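Trainee: Sequence unavailable; structure follows:
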């Protein structure tokens, strides 16, 4: 069976209702060959027109097919197939409604096909219509930064925040995380940084001075010991004479 479009069905039914009204046929009838023939109810289709001896013959839609309006069509419409999931399964009187699993996106307005959502934290989706034909609208998706270059996306508060400007960075930050600064993740001001450098310089100078004084003390001690040794040697020589 070849499925018929819903739009064609609606147009035909409206046409039948217009003819019925003009010809004096009932609400659920249409004029065919000069006779008011019954319309087939939703969930059924016509297998034979009405005649002098019988009314319209209708049959129930087969599994996988449906009809949603009163009609005199010789077939039901084929149910929509879903790639991943159903929010409503196809019934004889209603078409199926599709859905995509978590982490996937509908590729068209019927959600009959799905594609993976590749956007990460700090990015937002941009949907674009790529084509539209016979009631089917197809989409494509792109991932764009949620925040400008100098900001990051705060997941907890769901807002963009400016990145912290650091003199020395432990972590530069990106579109989903703030920058982490040296010294307990806080921003070091210019004066504090100079104070740190001066402190380090003072320590190095103190160590240098200590080494110098130690060296001078040891050198002076050696000279004194040398003089004592010379005096003792002279005394020994005098005593020997």
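Mentor: Here it is on my side, so go on. Note that the structure is a prediction, hence the values are computed from the model and not measured.

Trainee: So which residues of this protein form helices?
Mentor: Assigned by DSSP state H, the chain shows helices spanning 6-23, 190-240.

Trainee: any idea which of the ones you listed scores lowest on pLDDT?
Mentor: The minimum mean pLDDT among those belongs to helix 6-23 (a mean of 44).

Trainee: quick one: low-confidence parts of the chain?
Mentor: Along the chain, segments meeting pLDDT under 70 span 1-23, 183-193, 229, 236, 240-241.

Trainee: Repeat the analysis, applying 80 as the threshold.
Mentor: 1-24, 183-197, 219, 221-241 (pLDDT under 80).

Trainee: per-domain residue ranges of it.
Mentor: Using automatic domain parsing, the domain ranges for the chain come out as 6-78, 100-145, 151-181.

Trainee: now the end-to-end length of the shortest one.
Mentor: Chord length of domain 151-181, first to last residue, is 15 Å (Cα to Cα, to the nearest Å).

Trainee: all numbers from here: first residue = 41
Mentor: All set: I'll call the first residue 41, so the last point we hit is now domain 191-221.

Trainee: List the buried residues for that domain?
Mentor: 191-193, 200, 203, 206, 213, 215-219, 221 (16 or more other Cβ atoms under 10 Å). Just so you know, the C-beta spots here come from the backbone N, C-alpha and C atoms, and that holds for glycine as well.

Trainee: Closest to residue 72 out of these?
Mentor: Closest approach to residue 72 among these (Cβ to Cβ): residue 193, at 64.1 Å.

Trainee: so the closest one sits right up against residue 200, yeah?
Mentor: Yes. With contact defined as Cβ atoms under 8 Å, residue 193 counts as touching residue 200 (5.8 Å).

Trainee: what residues do these two have in common as contacts?
Mentor: Common contact partners of residue 193 and residue 200 (Cβ atoms under 8 Å, 6 or more residues apart in numbering): 186, 187.

Trainee: centroid residue for this protein?
Mentor: residue 159 (3.9 Å; Cα atoms, centre = their mean).

Trainee: my read: it touches residue 186, true?
Mentor: No. Using Cβ under 8 Å, residue 159 makes no contact with residue 186, being 9.2 Å away.

Trainee: Just give me the neighbour total for the residue lying closest to residue 110 once chain neighbours are set aside.
Mentor: Once flanking residues are discounted, residue 110 sits nearest to residue 79: 3.9 Å by Cβ to Cβ, 6 or more residues apart in numbering. For residue 79, the count of nearby residues is 24 (other Cβ atoms under 10 Å).
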